[in-house]
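# For reference, the sequence and a predicted model appear below.
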There are 2 protein chains.
Amino acid sequence: MTTRQDCLALDAADPLATLKDQFSLPAGTLYLDGNSLGAMPKATAARVQQVIAEEWGRDLIKSWNTAGWMDLPGRIGDKIGRLIGAAPGETIVADSTSLNLYKVLTAALRIVRADDAAGRRTVIVSERSNFPTDLYIAESLAEQHGMTLQLVDHVDEIPALLNDRLAVLMLTEVNYRTGRRHDMKAVTAAAHAAGALTVWDLAHSAGAIPVDLHGADADYAIGCGYKYLNGGPGAPAFVWAHPRHADRFWQPLSGWLGHASPFQFSARYAPAAGIKRYICGTPAILSTAALECGVDTLLAAEPFGGMGALREKSIALTELFARLAEERCGEHGVYVVSPRDAAQRGSQVCLALKAPLHEAGYAVVQALIERGVIGDFRAGDPSRLDQVPHILRFGFTPLYIGFADVWDAVEHLQQVLASGEWREARFNKKAAVT
Amino acid sequence: MTTRQDCLALDAADPLATLKDQFSLPAGTLYLDGNSLGAMPKATAARVQQVIAEEWGRDLIKSWNTAGWMDLPGRIGDKIGRLIGAAPGETIVADSTSLNLYKVLTAALRIVRADDAAGRRTVIVSERSNFPTDLYIAESLAEQHGMTLQLVDHVDEIPALLNDRLAVLMLTEVNYRTGRRHDMKAVTAAAHAAGALTVWDLAHSAGAIPVDLHGADADYAIGCGYKYLNGGPGAPAFVWAHPRHADRFWQPLSGWLGHASPFQFSARYAPAAGIKRYICGTPAILSTAALECGVDTLLAAEPFGGMGALREKSIALTELFARLAEERCGEHGVYVVSPRDAAQRGSQVCLALKAPLHEAGYAVVQALIERGVIGDFRAGDPSRLDQVPHILRFGFTPLYIGFADVWDAVEHLQQVLASGEWREARFNKKAAVT
């Protein structure tokens, strides 16, 4: 059995351990929710202060040029590109994940329609377990384009839908709820073989696992700035289009900063070349500047092996957590919902509880939070908790989580369950809202 | 002739003068570009620092509830509502002006279509001089809906287009380039009489002039957070829908935070009641928090008479600037492009230069900036500068501009023209980009 001493030894030998110094984390908190909101980089406060006091307050309107505000979306996009296997100039920071999905899914549908003279490709396929905003945006666009959004309950149903009716296969690489990871390269190849395009949501991938968009021959990708990229609450999102698609068609959110010559103030839209046409309105500079600080915390890992090294540590952390949770808390009904094969898993581990504690998940998470162990709760399907259980979700960000942290988290979980403290009324009084 | 002494006396007697203390403005700068990027409120730096260090850094994910992040869009929306004649619960902060226009214009088109069984209403009317992003979004939606975007060159052409072909009349209340203001109430009534809906862009109205959306019986309105609302570079925008429309139809950017129950993580979209359905993805909290500080600088004028009092001062400032500019710089060919009737003008004054200096506008603006007088330049139509001249644009924000500032600005303009310093090569070398 692994001891806390063993974990401390692993931390002492970890070349990535110093990267934690980049973050300001509250004392006494074990933060395992970086997959929902990444922790705060120390550099962010000073950088945003500089933007406010100097760039805005002192230099005012000039800063669009002199402080490079106009270049931020592309500059940060290129930095994110280094994390996801994109070449420079292919990725841009803009708006939210939902909005960027609207842009790329429309563009994909327009391309498919143009290349589908028979008009047979009218189906968008995704998973019912995808993050809801992706489904809502696809639902909106399916209705707008007179298409069908078909949702599968299990990944095994997808191959049968890869046919000449399929327009776009829209998937989130790592499932927000279970942490299950798709094989982006294999799935993309299968979709292409069926003549369809792919849209990948990297919300739980970018900064969490190595992504190789070109290696997978992906068509479009979008992702979130405030999870593993540590950009701050509601940080802007990013969008990538394969160069073979980037110049085909407009995206419909044709705002002035996506124009080829925005400062000509022309009355007609003419999209910028390449990924810049995916910009819409004026970027929120404070939030965008903060995002850059977050992305920089990941680039700081490049001398240590970058995303590959971070992934290696992430696997070690998640393996350890899954094993210790079952070893030490299995007697209380704890089991691992995320895939046990690391290749099929993102940087999170989801637990659930067997009967008779199958409804206790929310209270257990609350009791952990009370102890300073921050994970989160995702409700299951109340009518069939055996198949879609309540989930205790724990994200492991190798930038700031270590092996002793994993040991301590399991220790707390064990104590919460063994002591029964989760049964206290205060942990049961309200529904989860985050 | 008004003297600088007269202006200082006006400032001394101005009960609004103390409101300037809310802002941090660089010494030696006369900032007449608040219509492009509002000045920085002193409160913003501390507030954003609090959001970063305490709400994000210390309280992390909990702040969505404990710090009220989830309520920010509605709370600030209600504050903006007080400036534009909206009732509480009708206005929300979200995304950018361009994106909010996409939402409301789609909603308006869906309503018109549903009520137009004959399918005759297929025309969207706007002005060619409207801010380009509005035209680009309308162009996108016209194409998507199989409609026509018809642009007029002069406001007098609009009445003839108010007929049973008209779906939506989409106007910006105050023109970004000339400062010309529409009569929102009269124009809306005429559009309604023709059976059409109206969409108003308040980018140069909100915080600049009193707006009374209910009084005008407007249908939809959107506006900008970073101009007269002082929200900071690229601050989020706002959106308002008349309650009679708010619950009809989805807007197409159906992100998860516009869902009726976002934390049920349902696979099907069900829009929230009222204006909340106009939220899309997760709001950019740093930029949103900064916007609230900006809006608060306008609410601080409420004890002094609010927007009515600010408007009175704005008219006095713009009248004075227009008169002094023509009196003192008329001999150099300076003339006023903005309407001379204050009722037809926003809070800006645009100047132009007659031949032979009709092409000197850019250099003159640069020379003024060199002297610390920040206005901006908007290029005319090079082939007919007599009709669409180059414009020297000056915004007058009564919160932080006084009468002596107006006098000083004209004095600098007079010196720049009389001395010929604008002819120096350094003022002529590059095109305007902001």
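That came through, no problem.

# ok, so what distance separates A:Pro88 from B:Ser36?
31 Å (CB to CB, to the nearest Å). (Each C-beta comes from the backbone N, C-alpha and C, glycine too.)

# neighbour count winner among these two?
B:Ser36 (21 against 11; other CB atoms under 10 Å in any protein chain shown).

# Could you find the closest non-adjacent residue to that one?
Closest residue to B:Ser36 apart from its sequence neighbours, by CB to CB, 6 or more residues apart in numbering or on different chains: A:Ile61 at 5.4 Å.

# who touches the one you found in this structure?
A:Ile61 makes contacts with B:33, B:36-37, B:374, B:376, B:434, as judged by CB atoms under 8 Å, 6 or more residues apart in numbering or on different chains.

# how about the helices of chain A, start to end?
A:4-12, A:42-50, A:63-66, A:72-84, A:97-114, A:132-144, A:184-193, A:243-246, A:285-299, A:306-329, A:361-370, A:403-419 (DSSP state H).

# Spell out which residues of the stretch 151-300 of chain A are next to chain B.
Contact residues (CB under 8 Å from any CB of the partner chain) of the stretch 151-300 of chain A with chain B: A:151, A:177, A:226, A:232-237, A:250, A:252-256, A:259, A:262-269, A:280-288, A:290.

# Got a quick PyMOL command for the buried subset of those residues?
Typed into PyMOL, the line below selects the buried ones among those, using 16 or more other CB atoms under 10 Å in any protein chain shown:
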select buried, chain A and resi 151+177+226+232+233+234+235+236+237+250+252+253+254+255+256+259+262+263+265+267+269+280+281+282+283+284+285+286+287+288+290
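
# So which of the residues of the stretch 151-300 of chain A next to chain B are in strands?
Members of those lying in strands (criterion: DSSP state E): A:151, A:237.

# what's the neighbour count on the residue in the stretch 1-150 of chain A that chain B sits nearest to?
In the stretch 1-150 of chain A, the residue that lies nearest chain B is A:Ser96 (2.9 Å; CB to the nearest CB). For A:Ser96, the count of nearby residues is 29 (other CB under 10 Å).

# Please apply the same query to A:Arg423.
Counted with other CB under 10 Å, A:Arg423 comes out at 13.

# again with A:Lys42
Neighbours around A:Lys42, by other CB under 10 Å: 15.

# From what I see, it and A:Leu25 are in contact.
No - under the criterion of CB atoms under 8 Å, A:Lys42 makes no contact with A:Leu25, lying 9.9 Å away.

# quick one: low-confidence parts of chain A?
A:429-434 (pLDDT under 70).

# Now do the contacts for A:Val239.
A:91-92, A:94, A:100, A:103-104, A:220-222, A:275, A:278.

# mind checking how far the closest residue to it other than its chain neighbours is from A:Glu143?
Excluding the flanking residues, the one nearest A:Val239 by CB to CB, 6+ apart is A:Asn100, at 4.1 Å. According to CB to CB, A:Asn100 and A:Glu143 sit 20 Å apart.

# show me the contacts for A:Cys280.
Neighbours of A:Cys280 in contact, by CB under 8 Å, 6+ apart: A:94-95, A:99, A:103, A:253-255, A:257-258, B:96, B:98-99.

# Ignoring the adjacent residues along the chain, who's closest to it?
A:Gly255 (3.4 Å).

# Quick check, that neighbour in contact with B:Asn100.
No - applying CB under 8 Å, one finds A:Gly255 not in contact with B:Asn100, separated by 10.7 Å.

# Can you tell me how far A:Cys329 is from chain B?
A:Cys329 sits 23 Å away from chain B when distances are taken as CB to the nearest CB, to the nearest Å.

# what's the neighbour count on that residue?
The burial count for A:Cys329: 22, using other CB under 10 Å.

# Do I have it right that it meets A:Gln415?
No - with contact defined as CB under 8 Å, A:Cys329 and A:Gln415 do not form a contacting pair (9.8 Å).

# who wins for neighbours among the contacts of A:Ile61?
Ranking the contacts of A:Ile61 using other CB under 10 Å puts B:Leu37 first, with 29 neighbours.

# Would you mind confirming that that residue is in contact with B:Pro233?
Yes - applying CB under 8 Å, one finds B:Leu37 in contact with B:Pro233, separated by 6.1 Å.

# what do those two both touch?
Going by CB under 8 Å, 6+ apart, residues that sit against B:Leu37 and also against B:Pro233 are A:56, B:226.

# what's near enough to touch A:Ala367?
A:416, A:421-422, A:424, A:427.

# Can you tell me which of the residues you listed is closest to B:Met70?
Of all these, B:Met70 sits closest to A:Phe427, with 21.6 Å by CB to CB.

# Verify the stated contact: that closest one with A:Leu368.
No - using CB under 8 Å, A:Phe427 is not in contact with A:Leu368, being 9.5 Å away.

# the more surrounded of those two?
With neighbours defined as other CB under 10 Å, A:Phe427 and A:Leu368 compare such that A:Leu368 has more, 25 against 20.

# What residues does the one residue in the stretch 251-400 of chain A that gets nearest to chain B make contact with?
Nearest to chain B, among the residues of the stretch 251-400 of chain A, is A:Gly281, at 2.9 Å (CB to the nearest CB). Contact analysis of A:Gly281 by CB under 8 Å, 6+ apart lists A:255-257, B:95-99, B:133, B:234, B:237.

# same thing with A:Pro159?
Here A:Pro159 is in contact with A:Ala190 (criterion: CB under 8 Å, 6+ apart).

# That one and chain B: what is the separation?
21 Å.

# how close does that residue sit to A:Val125?
11 Å.

# Can you give me the neighbour number for A:Gln50?
Residues lying near A:Gln50 (other CB under 10 Å) number 13.

# Report the separation between it and A:Met70.
Applying CB to CB, the value for A:Gln50 to A:Met70 is 17 Å.

# can you check A:Leu385 too?
Using CB to CB, A:Leu385 is found at 52 Å from A:Met70.

# and what of A:Gln150?
Separation of A:Gln150 from A:Met70 (CB to CB) stands at 41 Å.

# Pick out whichever of the two has more residues nearby.
A:Met70 (19 against 16).

# pretty sure the more buried one is touching A:Lys62, no?
No - with contact defined as CB under 8 Å, A:Met70 does not reach A:Lys62; the gap is 11.6 Å.

# start to end distance for stretch A:232-249?
By CA to CA, to the nearest Å, the extent of stretch A:232-249 from end to end equals 32 Å.

# and what of stretch A:87-94?
Using CA to CA, the distance between the terminal residues of stretch A:87-94 is 18 Å.

# just how off-centre is that stretch within its chain?
The gap between the average C-alpha position of stretch A:87-94 and the chain average comes to 17 Å, counting by CA atoms, centre = their mean, to the nearest Å.

# Contacts for it next, please.
A:72-74, A:76-78, A:80-81, A:84, A:100, A:214, A:225, A:236-243, A:246, A:274-276, A:278-280, A:283, A:288, A:291.
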